[in-house]
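A.B. asks: need coordinates for the following:
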Amino acid sequence: MTSKAFDTISGKEAKAGSWMVVNLEKKKIALAAEGEGLESLKKALDDGQCMWACINVHGVDVRANVESTRHKLVQINWVGENVPAMKKMGALAGKSKAAKLFKGVAMELNVNKASEITTEEIVSKLCASGGAHKPTYFNFGGGEKVDLNFYDKANK
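C.D. replies: Here you go, the predicted structure:
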């Protein structure tokens, strides 16, 4: 079930902002939620659990006569603020299991508050980890886009 959900969010036809959240149930990765858009992903994270999410962010490059899209998978490692200390240790075990499921991740974000998951933080890390060429904008789905304003309008 989890690998099928991952194939859906990571495939060539995956929508911008498609995501999945997993947690540990009896020491095995289990699908906790699926959806689209960064804001809905943040709402799916439980303050009382360790969870791992993957979201497909599209880097869209728009030029005069061509538009290309590159899929960037972002892994979010979540340890909720209300997770008991003993359960926090399980976050490491779960993180390695999630990493086996989430193949091809461009960046990771370690957080324990939803307010720490921002388009600005993700865009900053994606730009730092990418090559010299930057996309025109990043699409997080659900109408959430971040224009990089990196290129001269004459070059578009």
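
A.B. asks: can you show me the helices along the chain?
C.D. replies: Using DSSP state H, the helices of the chain run over 2-10, 38-44, 85-88, 90-101, 119-129.

A.B. asks: and the third one, which residues are buried?
C.D. replies: Neighbour-count burial for helix 85-88, counted by 16 or more other CB atoms under 10 Å, picks out K87. Backbone N, C-alpha and C define where each C-beta goes, glycine included.

A.B. asks: can you check the second one too?
C.D. replies: Residues of helix 38-44 classed as buried by neighbour count (16+ other CB under 10 Å): L38, E39, S40, L41, K42, A44.

A.B. asks: for M86, see how far away the last one is.
C.D. replies: When distance is defined by CB to CB, to the nearest Å, A44 is 24 Å away from M86.

A.B. asks: equivalent analysis for the fifth one, please.
C.D. replies: To M86, K42 is 26 Å away according to CB to CB.

A.B. asks: contacts only, for N77.
C.D. replies: Contact analysis of N77 by CB atoms under 8 Å, 6 or more residues apart in numbering lists W52, A91, K95, A98, E108, L109, N110, V111.

A.B. asks: if we use 10 Å, what do you get?
C.D. replies: Taking CB atoms under 10 Å, 6 or more residues apart in numbering, we find N77 in contact with 50-53, 91-92, 94-95, 98-99, 108-112.

A.B. asks: count the residues that sit near the nearest residue to A14 once chain neighbours are set aside.
C.D. replies: Nearest residue to A14, sequence neighbours excluded (CB to CB, 6 or more residues apart in numbering): N56, at 4.9 Å. When counting by other CB atoms under 10 Å, one arrives at 23 neighbours for N56.
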